[in-house]
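# Task: produce atomic coordinates for the following.
(2 chains)
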Amino acid sequence: MNKSSRSVMTFKNGIHPVYHGKELSESAEIRTAPLLARYTVPLAQNAGKPPEVAVNAGDHVKKYQLIARASGFVSANLHSPVSGTIKGLIEVPGPMGVPAQAIEIIPDGLGEEEEPLPAMDWRTADPKALLERIAQCGLVGMGGASFPTHVKLSPPPDKKVDTLILNGAECEPFLTADHRLMLEDPESVLIGAAVMGRILGIGDRVFIGVEMNKIDAIHRLNEKAEEYGVKIIPLKVQYPQGSEKQLINAITGREVPAGGLPMDARCVVQNTGTAAAVTDAVLRGRPLVERVVTVTGSVVRTPGNWKLLIGTPVIEAVKLAGGVTEEPGKLILGGPMMGFAQKSFDVPVSKNTSGILLLPQDQAVNYRSGNCIRCGRCVQGCPMHLMPCAIAAAVESYRFDLAKKLHVMDCLECGACAYVCPAKRPLVQHNRRAKAEIRRQTAKK
Amino acid sequence: MDETSKNIPESDIKLPTGEKLVVSSSPHLSSPERTSKIMGRVLIALAFPAAAGIWYFGLRAAWVILLTTVFCVAAEAVWCKLAGKPVKATILDGSAAVTGVILALNLPPHVPFYVPLIGAVLAIWIGKQIFGGLGHNPFNPAVVARVGLLIALPAIMTTWPAPRGMGGTYPELKQFKTSVDAVTCATPLSIVGTLPKITGHDFYAESNFRKIDSPELIRKYFIGCKGGSIGETCIPAILLGAVLLVCFNLINWRVPICYAGTVAIITGVVNYFCPGVTPSPLFHLVTGGLMFAAVFMATDMVTCPITGTGCVIFAVGCGVLTSVIRIWGNYPEGVSFSILFMNALVPLIDRVSALRPFGHAPKKSGEAAK
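Presented below is the predicted three-dimensional model:
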């Protein structure tokens, strides 16, 4: 536990974005989307190697049927979200800005479903079998990084893990998907946590960290938490509370060593959405084909939270939310602090799409940056205790060696520095550039 | 189960075309904070000592403040025009105006017009723009100008008109009447500077300072009833400004606290053991430019260290130098010199007070091993 006596836990530094935007969608119940005419399921939805296509054009597939098979350990299975016909492999705009391969599926409306895998009793089942099931069902981290869940849950034998943390911080402004999920289906989240705790062999240190702005979710989770041996930790509303390293620090007081992974601090961190998917996989034998997505923004007519099938084109999600009131200036997948701006509404929803955020044109401006006045707000805000202003000065004079000495490689790219900068300097952007440049130079050697 | 948005007919739904989409890297939100807003708030905080100065020294002080500010902004505009920098944007960031007001509040209340003019050129050109403009200057521009003026025009810069409410407090100190018929007086600190010379150094002779260092006089000094620069005399107004600055997160509170604290401790120790050398610490806190400098000048974002530890080192350094100059130096006042000196050390202080990044071992040796 954190040494401090504060009842609400947190990490040092960080920022408080003025505009939270969560009120737009936090009271909107999760709704189910109607069947669409077409789905484009991206192939590369996991960190690591993309899976290999296991179907041919013209094949008929049932819902939950395997359509792409994991191509190694760090890879994840992909399943059909609907029953229908495979039209073929097409190119769609990818969430990272580069075109991506996707399997196009035309639903037939018959609603045929693959036979579910046998339900497992997680309290008695062999942890290896549980892990196998998670891998089978194509689970990846649903918070954004989309690292295959079974990989995260199998730490190498020399790493001792004693703590599992579920990330329910949802510190990004605007996003409410995890909030609604914890509120409406707390049991799935808790069971998922307990299952993962069992896989890791952790009995007593399974935590769910939830920011205090989701007090209703904390109460709902607490009703059943004891039954599953899970502890709910209220966290201070502070960005980036949901960053792995900061979350571990807030809850356990430990620091993940520089360049290390959470398991180096004897922790594993998983997303709450992933936990619910684990429950689906273990208790209901269903692979991951849908997720809760927040469709929001001030230009969205009726912002809300929808359970969307993987492969839903974003334009259809916007349609579900009643369209727009004015032409948006930015489309962001994820939250406004770390999400990715898109250039097309044809980009599909993938396993890690937590939000679809539309910003008005007047918020989509690139500010003219001014001189650094050394106000130190970036330093006060940096959750990694770096000095973004000094790094930026080094990058601007092409001193990447100096940037490296200033520990730019530890930057999380959370964007807190660029958010708070009164001179609107592109601080985190400079950090990204320095990191890329340093990696390139290291690769050359 | 299946439901589109409630109450909206399909035909009514306006879909985005994506024509106007801007693609940029995150973060996609930005705080409403701006450099100009920061400067604006500093100006609001400066309004307290400025108002107090005008009340104590009359409209002539207002005229000096206005003139200095206008000259500073004009100097900035001229430089930008000549250097081919954006004139309007540079002026609108408000930094020249802040420098102007701080410099004005550091001037004697009745200076002739060419003093603000020279001061503005010194502050903006030599103090700031020559280094590359806002944010690049190692020294506080207002302090540069003040020191420049003090050295170049010592007589004018040390002629102090008597403030409102000083009738007969120091009748023996009315040295001369100026042409504008203003009654002048010495500042308490300048009297201190002269006293030991008059009576010789007697380390244990307390009586030297009794005339200027009594509780009721300290009370008078505190509220501003003393000779001095426009902005430095009224301590309550300065403290109000300080509260505002700290609340707005515009200054690091460690700087004024450590600066004033260090001066109080050093003068206190010296006063305790050798009461003939220097007056009481309370006297030091409420006289001269210490409070004003500790709140408004040493705290300048650009020229003070960035981390909390750095600010402590910086402020303690300022305090030590100020005490040394005040007690043993030739000048009666030492804040400007000490701030300038410590400004020069800021890059070094920043280096030694660098933060330990998250996840790194506390010692530097581990880093070298990597």
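
# any idea how far residue B:146 is from residue A:429?
Residue B:146 sits 39 Å away from residue A:429 when distances are taken as CB to CB, to the nearest Å. Placement of C-beta: from N, CA and C, glycine included.

# who's more crowded, the two?
residue B:146 (30 against 20; other CB atoms under 10 Å in any protein chain shown).

# Could you verify that the more buried one is part of a strand?
No. The assignment for residue B:146 (DSSP: H, G, I helix; E, B strand; the rest coil) gives helix, which keeps it out of a strand.

# So it sits against residue B:99, correct?
No. With contact defined as CB atoms under 8 Å, residue B:146 does not reach residue B:99; the gap is 10.9 Å.

# now the strands for the stretch 51-200 of chain B?
Secondary structure of the stretch 51-200 of chain B by DSSP state E, counting those that start in this stretch: the strands cover B:160-161, B:184-185.

# Low-confidence regions, the chain specifically.
Since no chain was named, I'll use chain A. Low-confidence segments of chain A (pLDDT under 70): A:1-7.

# Oops, wrong one, chain B.
The model of chain B has pLDDT under 70 over residues B:1-8, B:165-184, B:193-208, B:363-370.

# Which single residue in it comes nearest to chain A?
The nearest approach of chain B to chain A comes at residue B:27, 3.3 Å away (CB to the nearest CB).

# Contact partners for the residue in chain A that chain B sits nearest to?
When distances are taken as CB to the nearest CB, chain A reaches nearest to chain B at residue A:415, 3.3 Å away. Neighbour list for residue A:415: A:337-338, A:428, B:26-27 [criterion: CB atoms under 8 Å, 6 or more residues apart in numbering or on different chains].

# now, which of these sits nearest residue B:328?
Distance to residue B:328, by CB to CB, is smallest for residue A:428 among the contacts of residue A:415, at 49.6 Å.

# Which segments of chain A make up each domain?
Partitioning chain A according to automatic domain parsing yields domains covering residues A:22-27+A:118-283, A:377-444.

# Quick check: bridge partners of the nearest residue to residue A:87 once chain neighbours are set aside?
Nearest-residue entry for residue A:87: residue A:104, 4.2 Å, with adjacent residues in sequence omitted and distances by CB to CB, 6 or more residues apart in numbering or on different chains. Beta-bridge partners for residue A:104, by DSSP bridges, are residue A:40, residue A:88.

# ok, residue B:30 to residue B:22 distance?
Separation of residue B:30 from residue B:22 (CB to CB): 13 Å.

# which of the two has more neighbours?
For residue B:30 versus residue B:22, neighbours defined as other CB under 10 Å are more numerous around residue B:30 (22 against 17).

# about what we covered before: and the contacts of residue A:415, which of them are in helices?
Under the assignment DSSP state H, the contacts of residue A:415 contribute residue A:428 to helices.

# JSON lines please, covering the contacts of residue A:415 and showing distance to residue A:34 and neighbour count.
JSON lines is the format used below for these (distance: CB to CB, whole Å; neighbours: other CB atoms under 10 Å in any protein chain shown):
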{"residue": "A:337", "distance to residue A:34": "32", "neighbour count": "26"}
{"residue": "A:338", "distance to residue A:34": "31", "neighbour count": "23"}
{"residue": "A:428", "distance to residue A:34": "39", "neighbour count": "28"}
{"residue": "B:26", "distance to residue A:34": "32", "neighbour count": "22"}
{"residue": "B:27", "distance to residue A:34": "34", "neighbour count": "27"}
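
# quick revisit: how about the nearest residue to the residue of chain B closest to chain A, chain neighbours excluded?
Taking CB to CB, 6+ apart, and ignoring the residues beside it in sequence, residue B:27 has residue A:415 as its nearest neighbour in space, at 3.3 Å.

# List the residues that contact the residue of chain B closest to chain A.
Residues touching residue B:27, when contacts are defined by CB under 8 Å, 6+ apart, comprise A:336-338, A:415-416, A:418-419, A:428.

# 6 Å - rerun?
Residues in contact with residue B:27 (CB atoms under 6 Å, 6 or more residues apart in numbering or on different chains) are A:337, A:415, A:418-419.

# Does residue A:95 belong to a helix, a strand or coil?
Taking three-state DSSP, the label given to residue A:95 is coil.

# Does it touch residue A:334 like I think?
No. In terms of CB atoms under 6 Å, residue A:95 does not count as a neighbour of residue A:334; the distance is 8.4 Å.

# dump the residue contacts of residue B:188.
Residues counted as contacts of residue B:188 (CB under 6 Å, 6+ apart) are B:212, B:226, B:287.

# do you know how far it is from residue B:233?
Counting by CB to CB, the gap from residue B:188 to residue B:233 is 10 Å.

# which neighbours do the two share?
With contacts defined as CB under 6 Å, 6+ apart, the residues shared by residue B:188 and residue B:233 are residue B:226.

# where along the stretch 201-350 of chain A do the helices fall?
Under the criterion DSSP state H, counting those that start in this stretch, the stretch 201-350 of chain A carries helices at the ranges A:215-225, A:244-252, A:272-283, A:314-320.

# Could I get those helices in CSV, plus columns for distance to residue B:103?
Putting these into CSV (distance: least, CB to CB, whole Å) gives the following:
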stretch, distance to residue B:103
helix A:215-225, 51
helix A:244-252, 43
helix A:272-283, 57
helix A:314-320, 56
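
# Packed most tightly, which of the ones you listed would that be?
For the helices of the stretch 201-350 of chain A, average neighbour numbers computed from mean count of other CB atoms under 10 Å in any protein chain shown are highest in helix A:272-283, which has a mean of 26.

# which other helices and strands contact that one?
Contacting helix A:272-283 under the criterion 3 or more CB pairs under 6 Å, 6 or more residues apart in numbering or on different chains; DSSP states H and E are the following elements: helix A:127-136, strand A:163-168, helix A:177-184, helix A:186-200.

# And the ones you listed: which comes nearest residue A:241?
Between residue A:241 and those, the tightest spacing by CB to CB is seen for strand A:163-168, at 9.0 Å.

# and the closest one, C-alpha only, in PDB?
Backbone C-alpha positions of strand A:163-168 (Å, rounded to 0.1, in the frame of the first residue of the first chain) are rendered in PDB as follows:
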ATOM      1  CA  THR A 163      -0.300  -8.100  -7.500                       C
ATOM      2  CA  LEU A 164      -3.000  -7.800 -10.200                       C
ATOM      3  CA  ILE A 165      -4.400  -4.400 -10.800                       C
ATOM      4  CA  LEU A 166      -7.500  -3.800 -12.900                       C
ATOM      5  CA  ASN A 167      -7.400  -0.400 -14.500                       C
ATOM      6  CA  GLY A 168     -10.700   1.300 -14.100                       C
END
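
# Name every strand pairing with that strand and say which way it goes.
According to DSSP bridges, strand A:163-168 forms sheet pairs with strand A:206-211 (parallel), strand A:267-271 (parallel).

# any idea where the helices of the stretch 1-150 of chain A begin and end?
In the stretch 1-150 of chain A, the helices defined using DSSP H, counting those that start in this stretch lie at A:127-136, A:149-152.

# Tabulate those (a markdown table), appending mean neighbour count and distance to chain B.
Shown next, in a markdown table, are these (neighbours: other CB atoms under 10 Å in any protein chain shown; distance: least, CB to the nearest CB, whole Å):
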| stretch | mean neighbour count | distance to chain B |
| --- | --- | --- |
| helix A:127-136 | 18 | 27 |
| helix A:149-152 | 24 | 19 |
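
# For residue B:238, find the nearest of the strands of the stretch 51-200 of chain B.
Set against residue B:238 and scored by CB to CB, those come closest in strand B:160-161, at 17.6 Å.
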